[in-house]
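Enquirer: this one's structure only:
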């Protein structure tokens with residue numbers, strides 16, 4: 001598939017708002033130049049047309065979404081604009097409980113599971129004014145990196161339907177990349193948000209462990225302690241600035257620990273430089289390495305200092321020592337740099353047939369797992385395409401509670417490459 005916006009009549013027609021950022025749309029909605037009802041209607045039309053191809057959504061709550069959009073429109077007309085997410089259509093990974101809407105984790109035995117309450121993260125996004133369109137498809141029980149195995153069928157990559165979307169949050173990545181919604185709420189235990197973001201050419205972010213409340217993720221169901229130790233909430237968007245909007249909305253404003261990030265804003269002058277470390281022993285195919293070299297050169301031209309460091313990105317998982325290692329993470333990983341960069345994936349996007357043959361972890365999490373183990377923030381940033389025309393991403397990783405650093409650097413990189421992400425013709 002081609003790498004630019006569609007304009008052919010034989011393809012599904014984009015509106016002028018389909019690929020705008022949340023940041024831009026928020027101002028248009030605030031000034032009543034764009035209607036939340038129109039945005040939701042447009043997204044629902046795209047889902048109706050494209051979901052049979054992509055299988056990105058398990059459940060679509062069209063009637064409820066339109067009703068909520070009408071409420072949002074009335075609120076804004078009466079001067080009660082809640083912020084940049086007010087009236088924005090989003091998707092929710094099917095791990096997060098949603099009141100009265102089935103939450104299945106793409107698992108056959110949960111197919112009739114209907115929670116009574118929203119997860120806290122869902123509640124916070126709704127309170128910020130976001131409109132939930134439905135629940136996105138995923139790898140079954142979030143136990144894989146391909147999103148091939150799902151009770152509701154395989155998720156397909158919008159750049160080429162013969163390739164995987166990554167996982168476990170594959171439906172979310174496909175939905176954001178294809179313009180079915182503007183952002184998604186996801187989980188990330190070994191790379192479940194960042195891996196599919198890389199595969200589909202969008203931004204995938206997870207914060208410091210515990211920053212975003214995970215209460216209401218399959219509430220009441222048995223969960224292994226190791227998963228609880230590694231699981232983070234994540235989001236997918238099409239820009240670093242949109243990522244920051246969702247991240248802030250997910251935080252508890254009454255918690256003093258969140259004060260720094262809630263008050264932080266992007267540096268308009270873009271003058272500060274970072275000391276950026278990258279691994280000596282890079283775990284990546286030749287094609288990924290070539291792409292990563294281009295990323296490094298671009299960052300150097302932006303005035304940043306790069307240095308090769310010995311990064312333990314393959315820690316032995318020891319549940320009894322996780323907290324000890326997290327306390328030492330700054331010393332272990334960041335003694336010689338401000339942030340780390342490395343490829344998100346070790347290989348280019350796999351074909352569905354190959355991934356099916358190789359099993360649920362066919363797409364390696366070797367470059368993403370360490371951020372979960374150490375509980376540190378990380379973001380996957382789109383940075384090009386493979387020879388097969390599939391997206392590639394790189395990660396920016398920082399110390400605990402320094403999310404603003406990775407968001408700032410991701411935003412600068414995006415501004416100096418392609419301000420608007422390329423997107424697939426569908």
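Expert: Structure received. Just so it is clear, the structure is predicted and the values come from calculations on it, not from any experiment.

Enquirer: contacts, neighbours, all on C-alpha from now
Expert: Noted.

Enquirer: and stretch 145-160, how far out from the chain's middle?
Expert: Relative to its parent chain, stretch 145-160 has a centroid offset of 16 Å by C-alpha atoms, centre = their mean, to the nearest Å.

Enquirer: repeat that for stretch 61-77.
Expert: 25 Å.

Enquirer: ok, now stretch 183-194?
Expert: On C-alpha atoms, centre = their mean, the centre of stretch 183-194 falls 6 Å from that of its chain.

Enquirer: what does that stretch contact?
Expert: 89-93, 95-96, 122, 142, 145, 167-169, 172, 176, 203-206, 227, 230-238, 344, 365, 368-370, 372, 379-380 (C-alpha atoms under 8 Å, 6 or more residues apart in numbering).

Enquirer: stretch 368-375 now?
Expert: 188-191, 194-195, 208-209, 230-232, 313-315, 317, 322, 325-326, 329, 344-345, 377-378, 397, 400.

Enquirer: which among these count as buried?
Expert: 188-191, 194-195, 208-209, 230-232, 313, 322, 325-326, 329, 344-345, 377-378, 397, 400 (16 or more other C-alpha atoms under 10 Å).

Enquirer: okay, strands next: where are they in the stretch 201-350 of the chain?
Expert: Using DSSP state E, counting those that start in this stretch, the strands of the stretch 201-350 of the chain run over 203-206, 232-237, 275-279, 305-309, 339-343.

Enquirer: the third one packs against which elements?
Expert: For strand 275-279, the elements it packs on are strand 305-309, strand 339-343, judged by 3 or more C-alpha pairs under 8 Å, 6 or more residues apart in numbering; DSSP states H and E.

Enquirer: relative to strand 275-279, how tilted is the last one?
Expert: To tie it back to what came earlier, the one meant is strand 339-343. If you take axes from the mean of the first three to the mean of the last three C-alpha atoms, to 10 degrees, strand 339-343 sits at 40 degrees to strand 275-279.

Enquirer: in its sheet, what does strand 339-343 sit against?
Expert: strand 275-279 (parallel), strand 391-397 (antiparallel) (DSSP bridges).

Enquirer: okay, those in a markdown table with distance to residue 334 and mean pLDDT next?
Expert: Formatted as a markdown table, the strands paired with strand 339-343 follow (distance: least, C-alpha to C-alpha, whole Å; pLDDT from 0 to 100):
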| stretch | distance to residue 334 | mean pLDDT |
| --- | --- | --- |
| strand 275-279 | 8 | 96 |
| strand 391-397 | 10 | 98 |
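
Enquirer: give the residue farthest from the middle of this structure.
Expert: residue 78 (32.8 Å; C-alpha atoms, centre = their mean).

Enquirer: look at residue 73 and give its secondary structure.
Expert: Under the three-state scheme (DSSP: H, G, I helix; E, B strand; the rest coil), residue 73 adopts helix.

Enquirer: check residue 14 too.
Expert: Residue 14 - assigned by three-state DSSP - is coil.

Enquirer: so which bits of stretch 34-46 are buried?
Expert: 34, 35, 36, 37, 39, 40, 41, 42, 43, 44, 46.

Enquirer: quick one: the second one and residue 25 touch, right?
Expert: No. The pair formed by residue 35 and residue 25 falls short of the contact definition of C-alpha atoms under 8 Å, at 9.8 Å.

Enquirer: out of the contacts of stretch 368-375, name the ones that lie in helices.
Expert: Judged by DSSP state H, the contacts of stretch 368-375 include 194, 195, 230, 322, 325, 326, 329 as members of helices.

Enquirer: from those, pick the one nearest residue 118.
Expert: residue 230 (22.0 Å; C-alpha to C-alpha).

Enquirer: wait, what's in contact with that closest one?
Expert: Counted by C-alpha under 8 Å, 6+ apart, residue 230 has contacts 188, 189, 190, 209, 372, 373, 375.

Enquirer: so after the helix or strand harbouring residue 52, what's the next helix or strand?
Expert: Using DSSP states H and E, residue 52 sits in helix 36-54. With elements assigned by DSSP H and E, the helix or strand that comes after helix 36-54 is strand 57-60.

Enquirer: just name the most buried of the strands paired with strand 339-343.
Expert: By mean neighbour count, with neighbours taken as mean count of other C-alpha atoms under 10 Å, strand 391-397 ranks first of the strands paired with strand 339-343 at a mean of 27.

Enquirer: can you give me the buried ones in the helix or strand that it is followed by?
Expert: For strand 391-397, the following helix or strand on the C-terminal side (DSSP H and E) is helix 403-416. By 16+ other C-alpha under 10 Å, the buried positions in helix 403-416 come out as 403, 404, 405, 406, 407, 408, 409, 410, 411, 412, 413, 414.

Enquirer: just put these in CSV and tack on pLDDT and distance to residue 63.
Expert: Listed next are the buried residues of helix 403-416 as CSV, based on pLDDT from 0 to 100; distance: C-alpha to C-alpha, whole Å:
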residue, pLDDT, distance to residue 63
403, 97, 36
404, 97, 37
405, 96, 40
406, 98, 38
407, 98, 35
408, 97, 38
409, 97, 39
410, 97, 36
411, 96, 35
412, 95, 39
413, 96, 39
414, 95, 36
